[in-house]
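J.: have a look; sequence and predicted model below, questions after that.
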Protein chains: 4
Amino acid sequence: MIVSMRLHATQAEIDEVCDRIREFGYKVHSIEGEERVVIGAVGVGDVTPCLESLEAMSQVEKAVRISAPYKFVSREFRPHKSQIRANGSVIGGDEFMMIAGPCSVESEKQIMETAEAVAAAGAKMLRGGAFKPRTSPYDFQGLEVEGLKLLRKAKEATGLPVVTELMSDSDIDVVAEYSDIIQIGARNMQNFALLKAVGHAGRPIVLKRGMSSTIRELLMSAEYIVANGNPNVVLCERGIRTFETETRNTCDIAAVPVLNELTHLPVLVDPSHATGKRSLVPALARAAVAIGADGLIVEVHPHPEKAFSDGAQSLTIPQFRDMMRDLKPYLEIWKQVRAAETAPAL
Amino acid sequence: MIVSMRLHATQAEIDEVCDRIREFGYKVHSIEGEERVVIGAVGVGDVTPCLESLEAMSQVEKAVRISAPYKFVSREFRPHKSQIRANGSVIGGDEFMMIAGPCSVESEKQIMETAEAVAAAGAKMLRGGAFKPRTSPYDFQGLEVEGLKLLRKAKEATGLPVVTELMSDSDIDVVAEYSDIIQIGARNMQNFALLKAVGHAGRPIVLKRGMSSTIRELLMSAEYIVANGNPNVVLCERGIRTFETETRNTCDIAAVPVLNELTHLPVLVDPSHATGKRSLVPALARAAVAIGADGLIVEVHPHPEKAFSDGAQSLTIPQFRDMMRDLKPYLEIWKQVRAAETAPAL
Amino acid sequence: MIVSMRLHATQAEIDEVCDRIREFGYKVHSIEGEERVVIGAVGVGDVTPCLESLEAMSQVEKAVRISAPYKFVSREFRPHKSQIRANGSVIGGDEFMMIAGPCSVESEKQIMETAEAVAAAGAKMLRGGAFKPRTSPYDFQGLEVEGLKLLRKAKEATGLPVVTELMSDSDIDVVAEYSDIIQIGARNMQNFALLKAVGHAGRPIVLKRGMSSTIRELLMSAEYIVANGNPNVVLCERGIRTFETETRNTCDIAAVPVLNELTHLPVLVDPSHATGKRSLVPALARAAVAIGADGLIVEVHPHPEKAFSDGAQSLTIPQFRDMMRDLKPYLEIWKQVRAAETAPAL
Amino acid sequence: MIVSMRLHATQAEIDEVCDRIREFGYKVHSIEGEERVVIGAVGVGDVTPCLESLEAMSQVEKAVRISAPYKFVSREFRPHKSQIRANGSVIGGDEFMMIAGPCSVESEKQIMETAEAVAAAGAKMLRGGAFKPRTSPYDFQGLEVEGLKLLRKAKEATGLPVVTELMSDSDIDVVAEYSDIIQIGARNMQNFALLKAVGHAGRPIVLKRGMSSTIRELLMSAEYIVANGNPNVVLCERGIRTFETETRNTCDIAAVPVLNELTHLPVLVDPSHATGKRSLVPALARAAVAIGADGLIVEVHPHPEKAFSDGAQSLTIPQFRDMMRDLKPYLEIWKQVRAAETAPAL
């Protein structure tokens, strides 16, 4: 921790700050510059309370933490990428993970048709929402448990493991029962009660980045889940909110290599929510493969114009097939790169 | 609803879109421009599904809703400002509402000392967190039920009604029991499970704007609560997330008059979270009074440099007193303006 | 300057960094933490090149400057607020400065009518654009020199000094001739060629904050003008770009007290561009007065619905009069506060 | 243009709006909904002034333009991608364009060494700044004309055409003389005086997106250049400003396919400014190739830690070589895709 004092701080003020730092368990090194004094706090102390306390002191200009605020999810804690397993499938391994399916489960016919089509086209997991977070209370809120049962049917028919969203800790048991991976949606990324709850869910978690959350905050939310007992977390970049309105969100594609430097957790990209427009999804999917994401989560609907939600960004089944075909050469390079990265050094 | 077709759409495509619009219950008026056809959907139909369906059709360029997506919270539904009552106090009436207290309840001594001091200085309600949303799992998470009991004590000593945050629907009964107003925090503004739950809480709700939520989304979240049975909602502007880093958030002060045009719900401003810096709080408080907010919610701590959270933005007790003194002439104008607004027309 | 090394940096790497810091003229203090080494650079050196050089070294995690990057505009350089004089009027003194007028000068009739009306209602300067920055090449680009001459006429008729925008250094002589204060618009806040040019303009400058510029960048742009010879700079907050679309921009009202802490330059608020909506202008104007701005710059048009630009945000003349009347009690408090601030200590 | 009236507008108000629309040359179609009246303006009229006039009328709720505000740069104006030629090289053709070089020209040795190295590694053009836009007046401002002459030397030695930035219309002749392509930097994207000037520069223009500019605004700025006589414009996505601070800017990678839908102008990506971090540049470069950009513009420096500017984001020469090697398989797919797109239909 580095603390810079205000200009013209008196020696008494500096001493007071040093004493405070020592109270939190640190040793103190103070540097007298021409203009102002800077104090380094060294050792193992209680960093956040100490920082907050210092920032609240009027003689302190700024207090900056040097070490990362997360532990378990950092690359320093675990240098190799984590492989998250769900019912035989692996995210973060040497196979690219393609997750596809409708925004919402709407009917048996719809989910079965979609599941079979995406499986045939090469998807490895099925997505589909049974509990739906909707901006308006008057919009379709999901089939709830009925939707979960339909996902189970689709899984039995296709063998695809199921990813579905959990919105409230009250539903955790039923969602865990019917899903292979539980999704925490963007709007709940900092629903800390929910994050704590899924620490005990017994299922891997896909944690979507909040639409105005920084990469650090995403990692802190993942840390919540891991620190509460569940190390199986997959991150997902799905676009952030900016001033640009041509796309629904702005895909922060560089978050993928940033996350690959900072954490061992696998990273997915959701090109459907990131763009909000079907026509842009395949291009963004190619970029996600090329930049080194571990997988994609893509919305597909047999009849997007009749979808209960997110129709504008859902691929039709033929469009999904075309996208899978066009991704092939990129996925081949992906596999070679991944193999080279994980090969034992000679 | 207004639908503009893509350039060079064929008559068959236009007909298909018109048929779709009629399926959702609307009448159709189509306008042939030089360049493209624009279709108006008129009448009472199922607007969101219809919009989504149209946006998913490839021959449609854009579909725009004309009417507001919320009803109960709109000024059109209720032309006069709602007065929200809590234990004898009123928000939205002819008295400005000053809510003050610490970020977190930390100890009996701390909350009693603060409550007595802010009451003496003129605050009308007490704030204080017992369940705390913290970015890091390693930070202080609040005293929970113990904190609620201390708030009750402080209320008994001072007569100040209590505002405190609810983070999970599991805690709704205990939080409702010990609070006069329940706060939904910024990170939970789109926690729809929680919004539905507090529709039945039997307590007024202070709903804080999410840090990247639009004003419309704030109103939609308020609509969730009202549509689920609880008409007593107070909105709170507490700063949004932007690129600027001098302040913790950017206070969207113009949201106050925007909300006053769009909704009958009262609006508070939280200058503590909006700035993150104690020295800026009094200035922003003055602006909030002058712009026509219905009240303020301000963090105060007897010893900010020892606060468990938000010390940097908490006023000391003498600073709070000074602020109250300096606000006085602005509050007098506020009362005159409010009286003039609500006076019966001659 | 504080430099934190990457985890596990070797002694040789640390030495290399220390040598580099010394090359730029600093002394070095190194602090060995448990986890990583932190180096303080002390003394008077060449800070920006040094910072850039360090950030480019792979063994460096982060290099942070402690001192502010601006000098002449800082409060530390000059503890009292600067008073900027233009033709007898003062910005930053003990009178609030009200600047009003149309977005563009459109005709003699329009500018004369507006100037006389705003003068009668209490404005102290006249604004009006002759060179107009327009997003589209097909929109009205201003009357140019003809517009400047009309502003001169309006000044002669009313006695109001004139503020008008300069867009290119090619026009600097003619704009300086016809104006009392030169405005640099938001889109040119980082047009460094223009900033250098107005260092020699012989006129005070109103520098509007860029729509995505930080407060620090605004101060750096002011520093350009001052360092090039012109100390008479007035800053103007006119709203920043965010995700919110209810208003044209988001007024960062807290920038006013932030700037009052960091700089001695006076600060205006432009509620017209900040909101983009006439109905919101008076409320935001009240907030600007209450928060301690030194003045306002407001768009007024005799017939906004016939304005060549910015009609939606222009007040009519009666609306301007009403606003002036409603501001009166706030301006009285403003004067008392200002007088108390500048009174000699007893 | 679609105009929605306020709720409860009277017939007289509606008539007034209709008359106004007709004044601007449009025919009027009015649609009476249950709630409010919506008016379509059809035909060829004076769109922007009409829109502004309507928005300024108090009885109008919202006025929305349907047609795009740009013409020459639209895909509708020219369905095939433009090929921009500069001294034998082509951007927008069937070869991917790799532009590389230092941020600033610093010395003969530096620019010659860099130019030769990037040419040997496969770059097709040389970038290098002689006039530098710097946030601080105290930072290195470029070698100016001396820098241009060194770029000429480097071009003679390597055959690489030169891209360099123009900051002021005063320097247009000398910059045009020494460059093959003129760059307009992000901070000048809405310097309309400069945009008009380069309409007559006789050189192709690389127009970088402003850091807070929308895609539409970028296209409008390109339209300025084309409408002023210069059809040879190349767009460049270089990251936008958001709340995220892990990267210098946030690369809006989806802007590439969005632009490919809206305009025929070629699109480059600048992964150096987009990330601000050398380690992230190669990954983002891969994404740009895969998503269908027409080229890259990358900063390379022989000794980044001694660079006068942007060292942290400059690749070393070996890193640039590695990036070129790793891009190869992606560039092969790129060529196949491009060939398929431009192949004559059978």
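T.: Good, I have the coordinates.
J.: let me know the secondary structure of the closest residue to A:Ser168 other than its chain neighbours.
T.: Spatially, and ignoring its direct neighbours in sequence, A:Ser168 is nearest to B:Ala193 (3.5 Å; CB to CB, 6 or more residues apart in numbering or on different chains). Yep, even glycine has a C-beta here, placed from its N, CA and C like the rest. Assigned with DSSP: H, G, I helix; E, B strand; the rest coil, B:Ala193 falls in the helix class.
J.: B:Ala193 touches A:Glu165, doesn't it?
T.: No - using CB atoms under 8 Å as the test, B:Ala193 is too far from A:Glu165 to be in contact (11.2 Å).
J.: for the most centrally placed residue in chain A, give me the pLDDT.
T.: The centre of chain A sits closest to A:Leu235, judged by CA atoms, centre = their mean, with a distance of 2.7 Å. You'll see A:Leu235 listed with a pLDDT of 98.
J.: would you say it is within a strand?
T.: Yes - per three-state DSSP, A:Leu235 lies within a strand segment.
J.: OK, contacts around A:Ala222?
T.: Residues in contact with A:Ala222 (CB atoms under 8 Å, 6 or more residues apart in numbering or on different chains) are A:70, A:73, A:207, A:233, A:235, A:263, A:265.
J.: same check on A:Ile317?
T.: Contacts of A:Ile317 (CB under 8 Å, 6+ apart): A:113-114, A:117-118, A:121, A:300, A:302.
J.: need the residues you listed in TSV (columns: neighbour count, secondary structure and pLDDT).
T.: Formatted as TSV, these follow (neighbours: other CB atoms under 10 Å in any protein chain shown; DSSP: H, G, I helix; E, B strand; the rest coil; pLDDT from 0 to 100):
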residue	neighbour count	secondary structure	pLDDT
A:Glu113	17	helix	98
A:Thr114	29	helix	98
A:Ala117	20	helix	98
A:Val118	29	helix	98
A:Ala121	18	helix	98
A:Val300	28	strand	98
A:Pro302	18	coil	96
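J.: looking at the residues you listed, which is nearest B:Ser170?
T.: Nearest to B:Ser170 among the contacts of A:Ile317 is A:Thr114, at 34.1 Å by CB to CB.
J.: mind listing what's buried along stretch A:15-34?
T.: By neighbour count on 16 or more other CB atoms under 10 Å in any protein chain shown, the buried set for stretch A:15-34 is A:16-18, A:20-21, A:24, A:26-31, A:33.
J.: let me fix that: stretch A:103-121
T.: Neighbour-count burial for stretch A:103-121, with 16+ other CB under 10 Å as criterion, is recorded at A:103-106, A:110-115, A:117-119, A:121.
J.: next one: stretch A:315-324
T.: A:315-317, A:319-321, A:323-324.
J.: and which of those residues is nearest to chain D?
T.: Distance to chain D, by CB to the nearest CB, is smallest for A:Met323 among the buried residues of stretch A:315-324, at 12.8 Å.
J.: that closest one: what's it in contact with?
T.: By CB under 8 Å, 6+ apart, the contact list for A:Met323 reads A:281-282, A:285, A:298, A:315.
J.: kindly reformat the residues you listed as CSV containing distance to chain B and pLDDT.
T.: What follows is these, written out as CSV (distance: CB to the nearest CB, whole Å; pLDDT from 0 to 100):
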residue, distance to chain B, pLDDT
A:Val281, 13, 98
A:Pro282, 14, 98
A:Ala285, 19, 98
A:Val298, 15, 98
A:Leu315, 11, 97
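J.: which of those fall within helices?
T.: The helices, defined by DSSP state H, take in A:281-282, A:285 from the contacts of A:Met323.
J.: nearest to chain D within the stretch 1-150 of chain A, name that residue for me.
T.: When scored by CB to the nearest CB, the stretch 1-150 of chain A has A:Ala68 as its residue closest to chain D, at 11.8 Å.
J.: just checking, that residue is part of a strand?
T.: No - using three-state DSSP, the secondary structure at A:Ala68 is coil, not a strand.
J.: doesn't A:Ser74 make contact with it?
T.: Yes - judged on CB under 8 Å, A:Ala68 makes contact with A:Ser74 at a distance of 5.7 Å.
J.: what touches both of these two?
T.: Residues touching both A:Ala68 and A:Ser74 by CB under 8 Å, 6+ apart: A:Leu262.
J.: what helix or strand is the nearest residue to A:Lys132 once chain neighbours are set aside located in?
T.: With CB to CB, 6+ apart as the criterion, A:Lys132 has its nearest non-adjacent residue at 3.8 Å, and that residue is A:Gly142. Using DSSP states H and E, A:Gly142 sits in no helix or strand.
J.: report pLDDT for A:Gly142.
T.: pLDDT, A:Gly142: 95.
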